[in-house]
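> Fold the following for me, if possible:
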Amino acid sequence: MATIRKLRGRWQAQVRRRGMKPRCKSFDTKLEAEKWARDLEAQVDRFGAAPDTKILESTTLGQLLERYQREVSPLKRGSVQEIQRIDVLRRHELAYRTMIGLSQQDIASFRDERLQSVAPSTTVRELAILSHVLEVAMRDWGLPLAKNVVKMVRRPVIRNERSRRLAPDEEQRLLDACDAGKIPFLRTLLVVAVETGMRRGELLGLKWSDFSHNRQVLSLALTKNGSGRDVPLSQRAFDTLIAWKEHPDIDQSSIFPMRAGTLEQAWRRLLVRAGIKGLRFHDLRHEGVSRLSVVNHVAPITVEASASEGLIPCTTTEAARYIKGPKTTTWPTTVSQSEGCKPTKLATISAARP
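Numbering: from 1, shown residues only. Just a heads-up that it's a prediction; the model follows:
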């Protein structure tokens, strides 16, 4: 049993157990002292020992963020973006809170404040970082936290769905604007993006060793979902890559030697030259995946979901799984709708409803 006594105008709680160092702490009220003693005894009953919480009184969230940024973030694929987000978190007043006083109300207030200035998706990413920082601190660094308060806070709802596709003349306007720019491979990049539906990071990470002439595929060793896949090329994409490979200014290693930030700036300048508004580079992926769907046969949202799992670009066998109802269909294996781009082959698919 804990001992509660009044000492010098405050209430002192003392917990003694055989085999452990006596623990005591003073509080302003008797209720607080009793609660602390009950919690401490519960931890002893559960774990066989009571952790020393004094470290929580001197450790701030900012210190944990700094250590996480130094030891954990560099090991991740998206380390650059995460380090930038942690810099923002370390400048926030929440970073000065000690771990003993960090509560779910603090996290909820942080969430509501951030939603006033940034998008819900940004707030969700920041909360995810905070949650993982506390998890690492508890599991790997031995910080005696009773719970992860971030997990107890409701996450904002993200509604950033986009249905933007290229207008009939926008693709040609983009290609013409590429010819007027200073980046020689930008036209090739756009064609491959539309034809394959690949992500920006996958495109910029391509090496010439990933390009197979015989099989007409691009081999991705690592994708967003953590697994590799082969991306089949339409004849238009294949011819465009061959033409770029014969260019005298090519990089011998990377197909598209450019960083994500540089591409973002080049994309904005390209839209200005083409006179196009409201189009993001990622919309080219949506355009490419949408071209794989056949009207009344495959719903675009189904194909989008398949692309996220690495199933797109589909083989004809894979595509048959998504056809609704018993019907026989001629299925083009190329995604291009541009004039002069011929399908590499056609396949007849018979699919019955299960």
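
> Tell me which stretches of this protein form strands.
For the chain, strands defined by DSSP state E occupy the ranges 3-7, 10-15, 23-27, 211-212, 217-220, 229-232, 327-332, 346-351.

> Point out where the stretch 101-250 of the chain drops to low pLDDT.
Within the stretch 101-250 of the chain, the segments meeting pLDDT under 70 span 226.

> Please enumerate the helices of the protein.
Under the criterion DSSP state H, helices of the chain are mapped to 30-47, 54-58, 61-71, 79-91, 104-115, 120-139, 170-179, 186-196, 200-204, 235-245, 260-274, 283-290, 300-308, 316-320.

> Just name the most buried of these.
Highest mean neighbour count of the helices of the chain: helix 186-196, a mean of 24 (counted as mean count of other CB atoms under 10 Å). Where you see a C-beta, it was placed from the backbone N, CA and C, and this is true even at glycine.

> Contacts for that one, please.
Residues outside helix 186-196 that contact it (CB atoms under 8 Å, 6 or more residues apart in numbering) are 166, 171, 174-175, 178-179, 198, 200, 203, 218, 231, 233-234, 236-237, 240-241, 243-244, 256, 258, 263, 266, 270, 281, 284-285, 287-288, 291, 313, 334-336.

> can you check stretch 129-139 too?
Contact partners of stretch 129-139, identified using CB under 8 Å, 6+ apart, comprise 61, 64-65, 68, 72, 82, 85-86, 89, 99, 107, 143, 145, 148-151.

> Out of the strands of the chain, which gets the lowest mean score?
Mean pLDDT is lowest for strand 346-351 among the strands of the chain, at a mean of 32.

> For Leu233, give its distance to Gln43.
Look at Leu233 and Gln43: by CB to CB, to the nearest Å, they are 60 Å apart.

> same check, this time on Val118
In terms of CB to CB, Val118 sits 38 Å off from Gln43.

> Likewise for Leu127?
Leu127 is 27 Å from Gln43, by CB to CB.

> How about Leu175?
For Leu175, the distance to Gln43 - CB to CB - is 66 Å.

> Also Asp176?
Counting by CB to CB, the gap from Asp176 to Gln43 is 69 Å.

> do Arg154 as well
28 Å.

> And Arg273, by the same measure?
According to CB to CB, Arg273 stands 65 Å off from Gln43.

> same check, this time on Glu161
45 Å.

> And for Glu66?
From Glu66 to Gln43 the distance is 28 Å (CB to CB).

> what do you get for Val80?
With distances taken as CB to CB, Val80 is found 40 Å from Gln43.

> Could you report the pLDDT at Arg90?
95.

> Please look at it and Tyr68 and confirm they touch.
No - under the criterion of CB atoms under 8 Å, Arg90 makes no contact with Tyr68, lying 10.1 Å away.

> Including distance to Cys24, could the helices of the chain go into CSV?
CSV is the format used below for those (distance: least, CB to CB, whole Å):
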stretch, distance to Cys24
helix 30-47, 9
helix 54-58, 12
helix 61-71, 26
helix 79-91, 35
helix 104-115, 27
helix 120-139, 25
helix 170-179, 72
helix 186-196, 66
helix 200-204, 55
helix 235-245, 72
helix 260-274, 55
helix 283-290, 61
helix 300-308, 56
helix 316-320, 67
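
> nearest to Asn214, of those helices?
helix 235-245 (11.1 Å; CB to CB).

> CA atoms only: put the closest one into PDB for me.
In PDB, the C-alpha atoms belonging to helix 235-245 read as follows (Å, rounded to 0.1, in the frame of the first residue of the first chain):
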ATOM      1  CA  GLN A 235       5.200   1.300 -79.300                       C
ATOM      2  CA  ARG A 236       5.100   5.100 -78.900                       C
ATOM      3  CA  ALA A 237       6.900   5.000 -75.600                       C
ATOM      4  CA  PHE A 238       9.500   2.600 -76.800                       C
ATOM      5  CA  ASP A 239      10.200   4.600 -80.000                       C
ATOM      6  CA  THR A 240      10.500   7.800 -77.900                       C
ATOM      7  CA  LEU A 241      13.000   6.200 -75.500                       C
ATOM      8  CA  ILE A 242      15.000   4.800 -78.400                       C
ATOM      9  CA  ALA A 243      15.200   8.300 -80.000                       C
ATOM     10  CA  TRP A 244      16.300   9.900 -76.700                       C
ATOM     11  CA  LYS A 245      19.000   7.300 -76.200                       C
END
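
> How far off centre is stretch 234-242?
When C-alpha coordinates are averaged (CA atoms, centre = their mean, to the nearest Å), stretch 234-242 and its chain have centres 30 Å apart.

> all numbers from here: first residue = 500
With the count now opening at 500, the last piece we talked about shows up as stretch 733-741.

> and the gap between Leu588 and Lys553?
25 Å.

> go on, Ile503?
20 Å.

> do the same with Asp782
Using CB to CB, Asp782 is found at 54 Å from Lys553.

> What of Val693?
In terms of CB to CB, Val693 sits 60 Å off from Lys553.

> now swap in Leu778 and tell me
Leu778 is 56 Å from Lys553, where distance means CB to CB.

> Same check on Arg624?
From Arg624 to Lys553 the distance is 33 Å (CB to CB).
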